[in-house]
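[1] What would the 3D arrangement of this be:
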Amino acid sequence: GAGVALRRRFSASRFLGDVRAYGATYFTYVGRAVQYILATDERPDDRDNPLRMGFGTEAGAVDAARFAERFGVRLVEGYGSSEGGAAIQRSAGTPAGAIGRATPGDDLAVVDAATRRECPPAEFDADGRLLNGAAAIGELVNRGRTPFEGYWRNEDAHAQRVRDGWYWTGDLFYRDREGFLYFAGRTDDRLRVDSENLAPAMIENILARYEHAAAVAVYGVPDPVAGDQVMATLALRGTDPAEPFDPLGFAEFLLSQADLGTKMAPRFVRIVGRMPVTATNKVHRVGLRREGFRCADPVWWRPPGESGYRSLTDADVTALSQEYAAHGRSELLDR
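    Numbering: from 1, shown residues only. Predicted structure coming up:
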């Protein structure tokens, strides 16, 4: 019996007006919609709205808190594969940063894709930093029954999704000792820096605290020798176009984050006017990862052995390309 209002295209600036015009009490979101709503100019009557709750994915704990403070509306994060193969249910007592536990009837596990063994529980330090990411991060699978019947006329895709009788989500997670699950990114987003597995979603949640960030994306670019280096793309808000990024202030911000491990700090920082997204308003990480630091947007980087950021020049890109070639990894830059 509920009424549903659909806009042809998402508009952050018209969101609150639509909510009021249609008397909306509930809304759903995906991707970076919440961040762009928060990037609009604040008004003294922002809390004058009929909303009671929002439900979706990828808002992040920091932006959810900002949304609640500004609009007086609680956001609830959830997880479910589009194919119906796995779902996670949020419940009372879910820790900050976690999505929830498996829904009743699902036999969800975080496993090592190579060994098929279940990963050990996550260990955290006093600041909430994940200590055993290399061992604890794995792919979320459903070992029980699912309603997923397969992909239409695409047996190869089906074979990738269903293996050994298990449904493989393609998403990275880690689980604490109480069974709460934490999203760590897509399997394609896996980061391995100095032989340590890092969760891009965890780094994104930390960088989202940066007061000038409207949206954040974290992904890996190849290291010249082995593994990956961390790269972040930031869409900024409320800054002078002549000075769009403060490298010193950003470096100081990173140093002040107690739960940011030394290997998590971005080596490269790309600054965009608006985060590139897919048709479903999710960050277009494939495109960002493919372009890496060789892009038209301004890129700042932290050279090895240095603590601060400086602008990445054409000469720097040439020198880096030569370093990749010297170690036989040039082809990785073009993937």
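
[2] Touching, residue 138 and residue 114? I think so.
    No: counting by C-beta atoms under 8 Å, residue 138 sits too far from residue 114 to count as a contact (9.6 Å). C-beta coordinates here come from the backbone N, C-alpha and C atoms, glycine included.

[3] Do me a favour and get the end-to-end distance for stretch 106-124?
    26 Å (C-alpha to C-alpha, to the nearest Å).

[4] More neighbours: which of residue 138 and residue 114?
    residue 138 (24 against 7; other C-beta atoms under 10 Å).

[5] List the contacts of the more buried one.
    Counting by C-beta atoms under 8 Å, 6 or more residues apart in numbering, residue 138 makes contact with 110-113, 118-119, 172-174.

[6] One more pass at 6 Å, please.
    If you count contacts by C-beta atoms under 6 Å, 6 or more residues apart in numbering, residue 138 has them with 110-112, 119.

[7] Now which of those would you call buried?
    Those of the contacts of residue 138 that meet the buried threshold are 110-111, 119, by 16 or more other C-beta atoms under 10 Å.

[8] is it true that residue 197 lies in a helix?
    No: counting by DSSP: H, G, I helix; E, B strand; the rest coil, residue 197 is not found in a helix; it is strand.

[9] Assign residue 10 to helix, strand or coil.
    Going by three-state DSSP: residue 10 is coil.

[10] Model confidence score at it, please.
    We have a pLDDT of 86 for residue 10.

[11] And it, its phi and psi?
    phi -60, psi 140 (degrees, to the nearest 10).

[12] do residue 262 as well
    Per degrees, to the nearest 10, the backbone of residue 262 is at phi -60, psi -30.

[13] in what helix or strand does the residue nearest the centre of the chain lie?
    Taking C-alpha atoms, centre = their mean, the centroid of the chain lies closest to residue 201, which sits 3.9 Å from it. Element membership of residue 201 [criterion: DSSP states H and E] is helix 200-207.

[14] which non-adjacent residue is nearest residue 56?
    residue 29 (3.7 Å; C-beta to C-beta, 6 or more residues apart in numbering).

[15] ignore the last one, residue 192
    Here the residue nearest residue 192, using C-beta to C-beta, 6+ apart, is residue 227, at 4.6 Å.

[16] how close does that neighbour sit to residue 332?
    As for residue 227, its distance to residue 332 is 11 Å (criterion: C-beta to C-beta, to the nearest Å).

[17] How about residue 321?
    Counting by C-beta to C-beta, the gap from residue 321 to residue 332 is 11 Å.

[18] same question, residue 89
    From residue 89 across to residue 332, the span is 39 Å (C-beta to C-beta).

[19] Repeat that for residue 219.
    14 Å.

[20] Go through the top helix by length along the chain and flag the buried ones.
    Taking DSSP state H as the criterion, the chain has its longest helix at helix 314-326. Neighbour counts using 16+ other C-beta under 10 Å place 320, 324 of helix 314-326 among the buried residues.

[21] what's the answer for stretch 131-141, then?
    Buried, per 16+ other C-beta under 10 Å, within stretch 131-141: 132-133, 136-141.

[22] before we move on, what about stretch 148-168?
    Applying 16+ other C-beta under 10 Å to stretch 148-168 flags 148, 158, 161-162, 166-168 as buried.

[23] do the same with stretch 326-335
    residue 333.

[24] Give the rounded mean pLDDT of it.
    The pLDDT scores in stretch 326-335 average 74.

[25] next one: stretch 140-159
    On average, stretch 140-159 scores 91.

[26] can you check stretch 65-78 too?
    For stretch 65-78, the mean pLDDT works out to 92.

[27] Give me the neighbour count for residue 72.
    Close neighbours of residue 72, defined as other C-beta under 10 Å, add up to 13.

[28] Can you report how many residues lie near the residue lying closest to it once chain neighbours are set aside?
    Sequence neighbours aside, residue 47 is the residue nearest to residue 72 in space, at 4.3 Å (criterion: C-beta to C-beta, 6+ apart). Using other C-beta under 10 Å, residue 47 is surrounded by 12 other residues.

[29] For the closest residue to residue 112 other than its chain neighbours, give its distance to residue 116.
    In space, and not counting its chain neighbours, residue 112 is closest to residue 138: 5.1 Å by C-beta to C-beta, 6+ apart. Noted for residue 138: a distance of 10 Å to residue 116, by C-beta to C-beta.
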